[in-house]
Structures are given as C-alpha cells and as structure tokens.
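>>> Could you work out the structure for the sequence below:
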Amino acid sequence: MLDVTVIEDPEAAAVSLDPIRARLLAELAAGPASAAMLAGQVGLPRQKVNYHLKALERHGLVELAGERRKGNVTERLMRATAASYVISPLALAVVQPDPDRFRDQLSARWLLALGARLVRDVGSLITGAAKARKGLATYALDGEVCFASAADRAAFIQELTAGVGGLIRKYDAPDAGGGRDHRIVVAVHPTLKSPPPAQAPAPAQRQAQAPAGTHAEAAAAAEDQGVPRVPAGGDHRNHGESQ
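Sure thing, here's the model as predicted:
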C-alpha cells in the first residue's frame, strides 16, 4: 500500500469524496476486510457495502487482497490502494488555479495557487516515474521560525529573496545543451497553532485525465539521482522515490 497517492481523474475524485465511500476507504486503509466485516463497522447492509466497494474498485481506489471461505460462501477481502490521497487540480482542469494569471508575492491566494500547482506537477511526476519504472529525485526543506516582530519578518523575507535570487542567477543556464528546467518555490507563512480537524483518509489510485503529454513529460523527467543535503533546521529529504 502506498502512503499517499494523487487523484487526477474527476470521476475518481467524486467517488472518493462521497461520505460513505470515504468511510469505507478509511476502514480499508487500516487493513483488509470483507463486505460483511465492513457492514458491521459502518452500520450498513452488506449488499449496500458491496455496491460501494464495486464503485471504489472500478476507479482503482481499492483492490482485492485475497479470498477466504466462510461456510458455503467465498468472501473477497478488499484493501485500500493507499493510506491517504491528494486530489490534484487536474481533477478540475478547467478551473484549476493558475499562478501565472497574477503574481503578488504578498498574496495568500497567490501562495495557494502555487501550492495547487505543486500538487499538480508532483502528482504528474510521480505518475510518470511509476509508469517509466524509474526513481524520482525529490528534495524538501521544512522548518519553522518564530519572528520577534513584523520588522524581523520583513527583513527575513528581504534577505531570503535576495539570497535565493542570487542563487538562481548564479546557476541558471538556459542555453545549456543538456540542461533540465527546475521549478523553485519558497513559501513563508504563519504556523497553525491548532491544525484543522482531520478528515477521514480516503486513498485513491486512478490517474487518467491529465493534459496530453503531461505524464510522458513526467516519465522523461524521472531519474534516479542524488540531491545533496544541506545542514539547516527542519526536515530534509534526499531520496530517489519509486512509486
């Protein structure tokens, strides 16, 4: 079972968001179960649970884990294909956020649009890497900082902008024959003191409705390469990720 996967198909997204099916997905993320077992857990008739399981299976959200005999009946044990999911903006392709539509570095909505694009692009890269059976080199830096004042925050952002901008100018080589474009996103936002209530996890697997060429380009970009670690606070990940 994958830890997290991305839904790109609008129909799969709709199926995963149905409250009953989301509950079934949450139960199956904990371990394989039959329709009869789930019926007792969610308080629904077995036939109703079977109906929902078939819909989830059609969209690749659950899969057969095995079978077992119970009296004269053979029960199908189903499991979720992932422990959690992210719905890509591709599921709402015609209205997905476009951070290039307007650019405002101090706008929370622009930051949200950047985050949506990150989900979309990384989701497509994971799909392409899986189809190409290649590793995907990724790196994430996660940390927190407590600013003593608004002036300190403004100074931090000014230095951050100058520092990252200098690195971009130093290493940018648009005319390099064997070069490969990379996107850089740096975000600074207040830390939530009380996280939003957790929703029932609903895994999903099917990924289909991406724009033409997206997954092919993602497959071409997938490669097993190292990314050097940097000594800094926060969470550092340096790995070739094979989905």
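
>>> Centre-most residue in this structure?
Centrality entry for the chain: nearest residue to the mean C-alpha point is Val86, 4.3 Å, by CA atoms, centre = their mean.

>>> which residues in the protein form strands?
For the chain, the strands defined by DSSP state E occupy 2-7, 62-70, 73-80, 82-87, 136-142, 235-241.

>>> can you pull the contacts of Leu38?
If you count contacts by CB atoms under 8 Å, 6 or more residues apart in numbering, Leu38 has them with 24, 27-28, 44, 49, 53. (Glycine included, C-beta is placed from N, CA and C.)

>>> Please tell me how far the residue nearest to the centre of the chain sits from Asn50.
According to CB to CB, to the nearest Å, Val86 and Asn50 sit 28 Å apart.

>>> Which of the contacts of Leu38 fall in helices?
Members of these lying in helices (criterion: DSSP state H): 24, 27-28, 49, 53.

>>> excluding its backbone neighbours, what's nearest the residue nearest to the centre of the chain?
Val6 (5.2 Å; CB to CB, 6 or more residues apart in numbering).

>>> List the contacts of that neighbour.
Going by CB under 8 Å, 6+ apart, Val6 touches 85-88, 119, 122-123, 126-127, 204, 207.

>>> run the last query once more with 7 Å
Contacts for Val6 (CB atoms under 7 Å, 6 or more residues apart in numbering) come out as 86, 88, 123, 126, 207.

>>> which among the residues you listed gets closest to His189?
Comparing these against His189 with CB to CB places Val86 closest, at 18.6 Å.

>>> Okay, helices next: where are they in the chain?
10-17, 19-29, 35-42, 46-58, 108-132, 150-171, 214-221.

>>> Counting by contacts, list what the first one packs against.
Secondary structure elements in contact with helix 10-17, counted by 3 or more CB pairs under 7 Å, 6 or more residues apart in numbering; DSSP states H and E, are helix 19-29.

>>> can you do 8 Å?
helix 19-29, strand 82-87 (3 or more CB pairs under 8 Å, 6 or more residues apart in numbering; DSSP states H and E).

>>> tell me which residues of it are tucked away?
12-13, 15-16 (16 or more other CB atoms under 10 Å).

>>> what's the closest of the residues you listed to Ala35?
The shortest approach to Ala35 among those belongs to Val15, at 16.8 Å (CB to CB).

>>> could you dump the contacts of Val6 to a markdown table with pLDDT and distance to Ala151?
Formatted as a markdown table, the contacts of Val6 follow (pLDDT from 0 to 100; distance: CB to CB, whole Å):
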| residue | pLDDT | distance to Ala151 |
| --- | --- | --- |
| Val86 | 91 | 36 |
| Ser88 | 91 | 39 |
| Gly123 | 88 | 38 |
| Ile126 | 88 | 41 |
| Gln207 | 41 | 46 |
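
>>> As a markdown table, the residues you listed with distance to Pro190 would be great.
Putting the contacts of Val6 into a markdown table (distance: CB to CB, whole Å) gives the following:
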| residue | distance to Pro190 |
| --- | --- |
| Val86 | 22 |
| Ser88 | 26 |
| Gly123 | 26 |
| Ile126 | 29 |
| Gln207 | 33 |
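
>>> which one of the residues you listed is nearest Thr191?
Set against Thr191, the nearest of the contacts of Val6 by CB to CB is Val86 (20.9 Å).
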